[in-house]
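**Q** everything below, folded, please.
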Amino acid sequence: MSELTCLPAREMAQLICRKEVSPVDLVEAHLTRIEKLNPKVNAFVQVDAKRARQQARAAEQAVMIGDPLGPLHGVPISLKSSIAVAGLRYEAGTRLRAGCIASQDAVLVSRLKAAGAIVLGVTNTPELLMAWETDNLLYGRTNNPWDLSRTSGGSSGGESAAIASRCSAGGVGSDGGGSIRVPAHFTGICGLKPTPGRIPATGHFPESVGPFALLGVVGPMARTITDLKILFEVMQGLDYGDTSAAPVPVSWPKPEDLKNVRIAYFEDDGRTPVTPETRVAIQTAAKALQEAGFHVEPFRPDGLEDARQLWWKFFGIAGGMLLGPMTKGHENELSPILKEFLSWAAAEPVHTGESLLDSWIQRDILRAKIFRQMRDYPVLLCPVASIPAFRHGEREWQIDGKTVQYLDAWSYTEWFNLLGTPAVAVPIGKSSDGLPIGVQISAVPWQEELVLSVAEIVEKECGGWRAPPMPD
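**A** The predicted model follows:
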């Protein structure tokens, strides 16, 4: 039974379609694995076993009578608990929403279900999603399947741990500053941060409005790029509940056109050093793309440090202003990592109307500047983070004789939230401690199909997902 949980989501759906695997057996294999491993990794905050079994029986009946089947028919998935799934917990890791149950599905959840996916449950997050690790006072800490003494990342850390440990075939996270890509990198899976509006964020809490609409998105997470592509196709599409929505049709590049794309790569940003193994991962990916026929050159866009600083003005300062009224008077109910984030935000002056307007204008000017540079290099290859998964509670690291602070280690993902560009994390190598290391591939807005296609080639050439050392 455990062998079924090793399969990619696409293969699960194909085997079900050919009547070689039963949706009932597939769901049961995942539920058995969750029962065995969730006490160790603490990925799920709620498992909906009864309804999953009901849906599996209905999925099997559909196969037997010859009903039309969707691309995810019978595939067991999970979702971050900041995304509304009717009847399941919708708490976003905070006591301030303890017991909150979603009354209806988010748009993307409805689309996944219509494609045949079966929801196993919802997964853990840091409180109100404000951390690159997952821990809260409601459900506690999520551990990394590769090493339980380390974090699986945040804020989609429960989701990444569930998928990496084969408790779920794939799922959905959200990302305002690396919250899909950093957990994917930490646990050795794949994750896509799309352009805002490409996949509807309708039904996510906190809502993707105001400054968060510029940065925050929802996106797929899975063990393979092929599965990301399927999840992306199912979830994408116009929905006016998302303030960034745009009618962008799916268009996969032809192989002959893909090879004409010029790719730039850089091993570090010139400010925050990366581990030697991270450099090797970038070099390995760049070489693989060269050998696959791409034109690949070392190049680092000018303006990345400005992007990091502007990102904090929206995510940190404006985010603190938005969360302040929600948390005021409830300080004793807040988790330590949320208090830490709020203290960082409070250390700087709050926005005035003038400062927020200036930040917005500077963002648009910077986007134009960087996009002009990307005319020559439409695809960028770079690190996801400066380090692999860190030990619970760590806040600084020594790299090349320099101290890297907590907020600086993830600047490699934050640029692309500020710029509003798609970016995908794909596993490439391992650290000296045997931990996964991913690389990040980005392009100009609305080019999800391009970054996924390039990432798929990197994955194929470099080996892709490897199972963590969890028991079967």
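
**Q** and the nearest residue to Thr327 once chain neighbours are set aside, what is it in contact with?
**A** Excluding its sequence neighbours, the residue lying closest to Thr327 (Cβ to Cβ, 6 or more residues apart in numbering) is Leu334, at 6.0 Å. Using the backbone N, CA and C atoms, a C-beta is placed for each residue, glycine as well. For Leu334, the contact set (Cβ atoms under 8 Å, 6 or more residues apart in numbering) comprises 94-95, 127, 137, 327, 342.

**Q** pLDDT weak spots in the chain?
**A** Scanning the chain for pLDDT under 70 picks out 1-2.

**Q** can you tell me the centre-most residue of it?
**A** With distances taken as Cα atoms, centre = their mean, the chain has Ile180 as the residue nearest its mean C-alpha position (1.8 Å).

**Q** ok now do that one, which residues does it touch?
**A** Going by Cβ under 8 Å, 6+ apart, Ile180 touches 156, 173-174, 191-193, 219, 221, 425.

**Q** circling back to that earlier point, now a ChimeraX select for only the buried ones of the contacts of Leu334.
**A** The ChimeraX command for the buried members of the contacts of Leu334 (criterion: 16 or more other Cβ atoms under 10 Å) is given here:
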select :94,95,127,327,342
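
**Q** list the ones among the contacts of Leu334 that fall in helices.
**A** The helices, defined by DSSP state H, take in 327, 342 from the contacts of Leu334.

**Q** return the member of the contacts of Leu334 nearest to Ala184.
**A** In terms of Cβ to Cβ, no member of those lies closer to Ala184 than Glu127, at 21.0 Å.

**Q** quick one: the closest one and Thr94 touch, right?
**A** Yes. Under the criterion of Cβ atoms under 8 Å, Glu127 makes contact with Thr94 at 4.6 Å.

**Q** mind listing the shared neighbours of the two?
**A** Shared contacts of Glu127 and Thr94 (Cβ under 8 Å, 6+ apart): 136, 138, 334-335, 338.

**Q** list the buried residues for stretch 108-126?
**A** Within stretch 108-126, the residues that count as buried by 16+ other Cβ under 10 Å are 108-113, 115-126.

**Q** Glu449 is in what secondary structure piece?
**A** Using DSSP states H and E, the element containing Glu449 is helix 448-462.

**Q** what residues sit buried inside that helix?
**A** 448-459, 461-462.

**Q** for the residue nearest to Gln440 when sequence neighbours are not counted, give me phi and psi.
**A** Excluding the flanking residues, the one nearest Gln440 by Cβ to Cβ, 6+ apart is Val384, at 4.6 Å. Main-chain dihedrals, Val384, degrees, to the nearest 10: phi -90, psi -40.

**Q** list the contacts of Val384.
**A** With Cβ under 8 Å, 6+ apart, Val384 has these contacts: 178, 181-182, 184-185, 412-413, 425, 438-440.

**Q** Ile441 contacts Glu459, correct?
**A** No. Between Ile441 and Glu459 there is no contact under Cβ under 8 Å: 10.3 Å.

**Q** any common contacting residues for these two?
**A** Common contacts of Ile441 and Glu459 (Cβ under 8 Å, 6+ apart): Val426.

**Q** residues contacting Glu149?
**A** Just so we're on the same page, residue 149 is Ser rather than Glu. The contact partners of Ser149, by Cβ under 8 Å, 6+ apart, come to 143, 391-392.

**Q** tell me which entries of those lie within strands.
**A** Asn143 (DSSP state E).
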